[in-house]
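Enquirer: structure for this input, please:
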Amino acid sequence: MHLRALAPLRRPGVLSALGAALLLAFFVAPNALARDAVNTGNVSPVFRRGFAAYWDAGDGDLPAGLRGTVDFWFRFHVVKAGVSALLLAVAVALGVMLWRRLRAREGRRAALVLGTVGAGSVGLFALVALMANVQGAAAPFSSLLPMLGAGDATLAQVGDRLAADPGGAHSPVLDAMIGDFATYHAVFAVAAALVVLAAATATVLLWRRRAPRLVPVATAVLTLAALVLAFANTTSALDSPHALAAFASGSW
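Expert: Below is the predicted model of the structure:
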């Protein structure tokens, strides 16, 4: 591609408009592209019915009805993850561009500061959304579990079964749930660990380049927050039966 074709992407206004379009797409596109018989309007009651039948059957394989719900939720998160990744790239590009102009004193300082903070906020939102949706796509069944609600009778049976013997032999359906729950937390733990490495590196580089103190402090806070998330999710992944029991009892 010729460099002139990329010139518009070097303009803050174009990147801002692209970011706004992606932000809108984040809330609209996933359901529009992934929906089938199941969509965001009925996924919760459909999943509750399918989950109850799945538990009663006791088989580790998802029945056809529940499989359709889980497949929709997988597609939904894949689309959201893709849009989040694009939004993150645009926010980073815009933030870097505005930051460089701010340091070079090109343009109005107040507008550049406000734009840089806005790009950073959108970038943080996109990063968290990307992590959560990669997690949801990797383990869509476990991602659906919060839709059951704390008072769900079937979920209460899961909790009672695990509380009675969390480390013992389980039915195929419970083994499948424990394994998926472990994957759910392991994926987020890896994502959080990658953020720790990236944010810690950015903190060191920004500190060495004597960036305004608030910037490396912000990346340091992000590093600590991601470290806590990585530790918590690693712990849950390594002890998935107890983590699932805590979730089912409402103490997760």
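
Enquirer: how far away is the spatially most central residue of the chain from residue 26?
Expert: The centroid of the chain falls nearest to residue 132 when counting by C-alpha atoms, centre = their mean (1.0 Å). In this view, residue 132 and residue 26 are 12 Å apart by C-beta to C-beta, to the nearest Å. For glycine as for every other residue, the C-beta is placed from the backbone atoms N, C-alpha and C.

Enquirer: now for the host helix or strand of residue 193, which elements pack on it?
Expert: Per DSSP states H and E: residue 193 is located in helix 172-208. The contact analysis (3 or more C-beta pairs under 8 Å, 6 or more residues apart in numbering; DSSP states H and E) places helix 172-208 against helix 43-57, helix 109-138, helix 140-144, helix 153-164, helix 214-238, helix 240-248.

Enquirer: and if we set it to 7 Å?
Expert: helix 109-138, helix 140-144, helix 214-238, helix 240-248 (3 or more C-beta pairs under 7 Å, 6 or more residues apart in numbering; DSSP states H and E).

Enquirer: quick check: longest helix in the chain by residues?
Expert: Criterion DSSP state H: the longest helix present in the chain is helix 64-103.

Enquirer: mind listing what's buried in that one?
Expert: Neighbour-count burial for helix 64-103, with 16 or more other C-beta atoms under 10 Å as criterion, is recorded at 65-66, 68-70, 72-95, 97-99, 101-102.

Enquirer: still on that earlier bit, let me know the pLDDT of the residue nearest to the centre of the chain.
Expert: On the pLDDT scale, residue 132 is placed at 97.

Enquirer: could you do residue 8 as well?
Expert: 46.

Enquirer: quick one, domains of the chain?
Expert: 7-151, 166-252 (automatic domain parsing).

Enquirer: among the ones you listed, which comes closest to residue 160?
Expert: domain 166-252 (8.2 Å; C-beta to C-beta).

Enquirer: okay, now the closest residue to residue 152 other than its chain neighbours: neighbour count?
Expert: Closest residue to residue 152 apart from its sequence neighbours, by C-beta to C-beta, 6 or more residues apart in numbering: residue 48 at 6.8 Å. For residue 48, the count of nearby residues is 19 (other C-beta atoms under 10 Å).

Enquirer: in contact with residue 48, which residues?
Expert: 147-148, 152 (C-beta atoms under 7 Å, 6 or more residues apart in numbering).

Enquirer: switch the residues you listed over to TSV; also include neighbour count.
Expert: Putting these into TSV (neighbours: other C-beta atoms under 10 Å) gives the following:
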residue	neighbour count
147	16
148	20
152	17
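
Enquirer: closest to residue 211 out of those residues?
Expert: So of these, ranked by how close each gets to residue 211 (C-beta to C-beta), first place is residue 147, at 42.7 Å.

Enquirer: count the residues that sit near residue 198.
Expert: Residues near residue 198, counting by other C-beta under 10 Å: 15.

Enquirer: by mean pLDDT, which helix or strand of this structure comes out lowest?
Expert: helix 3-6 (a mean of 43; mean pLDDT, DSSP states H and E).

Enquirer: downstream of that one, the next helix or strand is which one?
Expert: Scanning onward from helix 3-6 (DSSP H and E), the first element met is helix 12-34.
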